[in-house]
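Enquirer: Dropping the sequence and predicted coords here.
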Amino acid sequence: MAEITLEINGKQIVTQDTATILKAASSAGIKIPTLCHHPAVKPYGGCRLCIVELQETGRSRIVTSCNYPVSQGLVVKTDSERVISDRKVLIELLLARCPDAEIIRQIAEEYGVKKSRFKTGKPEELCILCGLCTRICGEVVGASAIDFVNRGATREIGIIPEITPEACIGCGACAMVCPTGIISMEDLHGRKILHAETMLGPNKAIRIPVMQAVPNVPAIDDEACIHFKTGECQLCVKSCDREAINHEMEEEIIEFNVGNIVLATGFKEFDPSVMQKYGYGRLDNVITGLEFERLVNSSGPTGGKILMKNGEEPKSVAIVHCVGSRDINYHEYCSSVCCMYSLKFSHLLREHIPGAEIYEFYIDIRAPRKGFEEFYNRILREGTILYRGRPGEITDVTETSDERGKLIVKFENSLIGERERLPVDMVILSAALEPQKDARDVARIFNISCGAGAFFIERHPKLDPVNTMTEGVFIAGCCESPKDIRDSVSQASAAAARILALISKGIVETEATIAEIREEHCSGCRICNLLCPYGAISYIEDKKVSRINDAICKGCGACVAACPSTAIKHKHYTTEEIMAQIEGILV
């Protein structure tokens, strides 16, 4: 590539010889309007709004700047009288076709065009037939699911007759580039994604999982990535100057030799969609607690504004406690944190929307920690209304004019023993905390135990809450039980302290009361090998006997009780020692 010099609006500009006039003007801060241009696809001047005037060899002519290449000494005017006049005519034509398109109205206002002199004789619509969606679908995505159909006045964007609707992979590229917003995407529950800021899943194929992620680098979701579906796209590769993206990389297993392990696999939020009575995923503006956290976060897409699906602030909000927890149909345990974070939501709502009506539906308020009861009383003073009773149903079926356009919370107020209907704008479900789906598989890998709810079991709930029955394997956080940030930090600090204590010793202490095998009595039946919960017993092929690893054995005694030939004895718990103790007591 070589550098050339051209003149745009009397300004000398140096650019690459591969650039277009539009790109050269943009690099110099000169704005040229366009609706059909996108850097990912080859330009072809479909909307023609990017026209400019070229002056060369004593004559001038009009060209589209998005696809006209620059050349040495080229003289360009983007705001000449001829250009402005032609551009206004084009704007009037677009207004006649799409009078409700916001972006066209904005451009018309910039050029002083108030109304169009033309009539199309067709129903008003939003599509300007720029073809940007068809080109992105074919050239970049590689799906070619949509294209121009028909000719003349009946020309439109649609599905090619020879191509079935299954060609669409649902990537959303067409909706992303559509200048007028006529194309909308729908999620798995059939709703338009206008409230996408509450979605916790990957909205894009490349994203940073959370703002506080460590390491704070983006990752590719191969299930959402277009390249893994069609083999095309790779816009990210083309735009990355450091060449850090490689779609051919595969997962690999790396082995490390370590002496201690901390399991902190965390939790996942209960999916309320299985509780159909609450309408999550079916009714608009029914969201979970984590989704509300994202909505109210100042670094989120809305800048911390609490908005409903239609972009307006809710005037009334219901917060439902214990969704999925303290319920024999789902989880019988208390999730520990729901009460307090639900009360926190009330406080945040009051800060962001001072006049909002806030209602909380609870079974029991559990606020046992330092400052919790005071915070609960503060929420009451702020005007939050609490109803003791779990809602029976959340519906959008209205009975009166006051309920029209609202979500209806049907519940029984157990304090007065009456059934009521409460119309609100938004419902927040305080969902239960669950262990990860693969918790039991992880437990088997590290030879530890899980409780009834698949949470990891600690060695002792009071005296040793961070250690497990497998030496060197510690647990911290919600993988052990539902807990708040303070308890998670305390448990993690305790686990780290225990590990540092072991490391500082420089030696490993083993149990004194372990089992040992008298090889002369061992028959090699291998029953003990199968029973040992710690994998401390191995079979010696050449001697046809079993042998115990003293460093792994914890002295549980399972092998001693099961050995049919009594070849295994428990150190310090032999029959002779026990009998001697009995004799000593009796004497």
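Expert: Structure's in. What do you need? Numbering: from 1, shown residues only.
Enquirer: what about stretch 402-410, start to end distance?
Expert: Stretch 402-410 has an end-to-end distance of 15 Å (CA to CA, to the nearest Å).
Enquirer: Which positions in that stretch come out as buried?
Expert: Glu403, Lys406, Leu407, Ile408, Val409 (16 or more other CB atoms under 10 Å). No exception for glycine: its C-beta is placed from N, CA and C like everyone else's.
Enquirer: what's the answer for stretch 441-455, then?
Expert: Under 16+ other CB under 10 Å, the buried positions of stretch 441-455 are Val442, Ala443, Ile448, Cys450, Ala454, Phe455.
Enquirer: Would you reformat those residues as a markdown table and include distance to Glu81, secondary structure and pLDDT?
Expert: As requested, the buried residues of stretch 441-455 are exported to a markdown table (distance: CB to CB, whole Å; DSSP: H, G, I helix; E, B strand; the rest coil; pLDDT from 0 to 100):
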| residue | distance to Glu81 | secondary structure | pLDDT |
| --- | --- | --- | --- |
| Val442 | 73 | helix | 94 |
| Ala443 | 77 | helix | 93 |
| Ile448 | 80 | coil | 89 |
| Cys450 | 78 | strand | 92 |
| Ala454 | 74 | coil | 91 |
| Phe455 | 75 | coil | 95 |
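Enquirer: out of the residues you listed, who's nearest Ile365?
Expert: Phe455 (23.8 Å; CB to CB).
Enquirer: Contact partners for the closest one?
Expert: Counting by CB atoms under 8 Å, 6 or more residues apart in numbering, Phe455 touches Pro435, Ala439, Cys479, Glu480, Ser481.
Enquirer: Tell me how far it lies from Cys479.
Expert: Look at Phe455 and Cys479: by CB to CB, to the nearest Å, they are 7 Å apart.
Enquirer: any residues in contact with both of those two?
Expert: Pro435, Ala439.
Enquirer: I'd like to know which elements the helix ranked longest in the chain is packed against.
Expert: For the chain, the longest helix by residue count, based on DSSP state H, is helix 485-505. Where contact means 3 or more CB pairs under 8 Å, 6 or more residues apart in numbering; DSSP states H and E, helix 485-505 is packed against strand 261-263, strand 473-475.
Enquirer: List the strands paired with the first one, with their directions.
Expert: According to DSSP bridges, strand 261-263 has the following sheet partners: strand 473-475 (parallel).
Enquirer: follow-up on the earlier one: figure out which of the helices and strands packed on helix 485-505 is closest to Ile548.
Expert: strand 473-475 (20.0 Å).
Enquirer: what about that closest one, average pLDDT?
Expert: For strand 473-475, mean pLDDT is 95.
Enquirer: got the CA coordinates for the longest helix of the chain in CSV?
Expert: The C-alpha coordinates for helix 485-505 follow below in CSV (Å, rounded to 0.1, in the frame of the first residue of the first chain):
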residue,chain,number,x,y,z
ILE,A,485,-20.2,-12.6,50.3
ARG,A,486,-19.0,-12.0,53.8
ASP,A,487,-19.2,-15.7,54.7
SER,A,488,-17.6,-16.7,51.4
VAL,A,489,-14.7,-14.4,52.0
SER,A,490,-14.2,-15.7,55.6
GLN,A,491,-14.3,-19.3,54.5
ALA,A,492,-11.9,-18.6,51.6
SER,A,493,-9.5,-16.8,54.0
ALA,A,494,-9.7,-19.8,56.4
ALA,A,495,-8.9,-22.3,53.6
ALA,A,496,-5.9,-20.2,52.4
ALA,A,497,-4.6,-19.9,56.0
ARG,A,498,-4.9,-23.7,56.4
ILE,A,499,-2.9,-24.3,53.2
LEU,A,500,-0.2,-21.8,54.2
ALA,A,501,0.1,-23.5,57.6
LEU,A,502,0.7,-26.8,55.9
ILE,A,503,3.2,-25.3,53.5
SER,A,504,5.1,-23.5,56.2
LYS,A,505,5.7,-26.7,58.1
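Enquirer: For the helix or strand of the chain with the lowest mean pLDDT, name the packing helices and strands.
Expert: None of the helices or strands of the chain scores lower by mean pLDDT, DSSP states H and E than strand 156-159, at a mean of 73. Applying 3+ CB pairs under 8 Å, 6+ apart, one finds that strand 156-159 makes contact with strand 146-149.
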